[in-house]
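Student: Got a predicted structure plus its sequence, pasted below:
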Amino acid sequence: MATTQVIDATIFASSHPDIAKRTSVSGVIISSVMLLVGILAFASTFQLEDKSSTVSMALMVLGTGLFLMGIFRFFWKSKEVVYLPTGSVAKEQSIFFDLKHMDSLTNIVNSGSFSTNSAIKSESSGNIRMDVILSEDKKFAAVQLFQFVPYNYQPITSVQYFTNDGASAVVAFLSKSKQG
């Protein structure tokens, strides 16, 4: 069984010198367009002669919806995680496994020996959660394991960072575990 340990940082809250959060230019542009179209759609309802018509109500709902989605995207979705040495955008994800794989996964993560020969398969949900940050160019990976203890997931490994071949091995392991 795994030993209990105190782990201060989780993968999405920890910092690494080669990882930075930056503002996504495309995210800001999309959010701005949504805000502008939403405002224009809402304002156009005041130009209609029959303010109680179906078209007027539809424009009002559309304008309000686009405006709110634009605000949400602007404040919460306009940042992206970037692996600085290559400039590659990194994506965050969580993969779930059955509890029977806990010891194997803990050994794999702590040793960094991700193998495609492993028979470990991921699940749609499970008691073991692997949080991963992967760069699109497969040159950087950060991995951490959690176990579900009633009401929340508790970390069972510290955050492990892998670059170059180590990161490629993580990607290969994850793609193999999702097959089947």
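Tutor: Here it is on my side, so go on. Numbering: from 1, shown residues only.
Student: and the end-to-end length of stretch 132-147?
Tutor: With Cα to Cα, to the nearest Å as the measure, stretch 132-147 spans 15 Å from end to end.
Student: mind listing what's buried in it?
Tutor: Counting neighbours by 16 or more other Cβ atoms under 10 Å, one finds that the buried residues in stretch 132-147 are 132-135, 138-147. (Each C-beta comes from the backbone N, C-alpha and C, glycine too.)
Student: taking those one by one, which sit in strands?
Tutor: V132, I133, L134, S135, F140, A141, A142, V143, Q144, L145, F146, Q147 (DSSP state E).
Student: excluding its backbone neighbours, what's nearest the fifth one?
Tutor: Spelled out, it's F140. Leaving aside its sequence neighbours, F140 sits nearest to Y83 (Cβ to Cβ, 6 or more residues apart in numbering; 4.3 Å).
Student: what's the helix or strand for the residue nearest to G112 when sequence neighbours are not counted?
Tutor: In this structure, G112 finds its nearest non-sequential neighbour in G166, 5.9 Å apart by Cβ to Cβ, 6+ apart. In this structure, G166 sits in helix 165-178 according to DSSP states H and E.
Student: Mind listing residues that contact that helix?
Tutor: Residues outside helix 165-178 that contact it (Cβ atoms under 8 Å, 6 or more residues apart in numbering) are 95, 97, 108, 112, 114-116, 118, 120-122, 132, 134-135, 138-141, 143, 162.
Student: Count the neighbours of the residue nearest to G112 for me.
Tutor: 17 (other Cβ atoms under 10 Å).
Student: just Q154 next, same as before
Tutor: 12.
Student: about what we covered before: check contacts around the residue nearest to F140.
Tutor: D18, I19, V89, A90, S135, D137, K139, F140.
Student: In the ones in strands among the buried residues of stretch 132-147, find the pair that's most separated.
Tutor: S135 and Q147 (26.5 Å; Cβ to Cβ).
Student: That'll do, ta.
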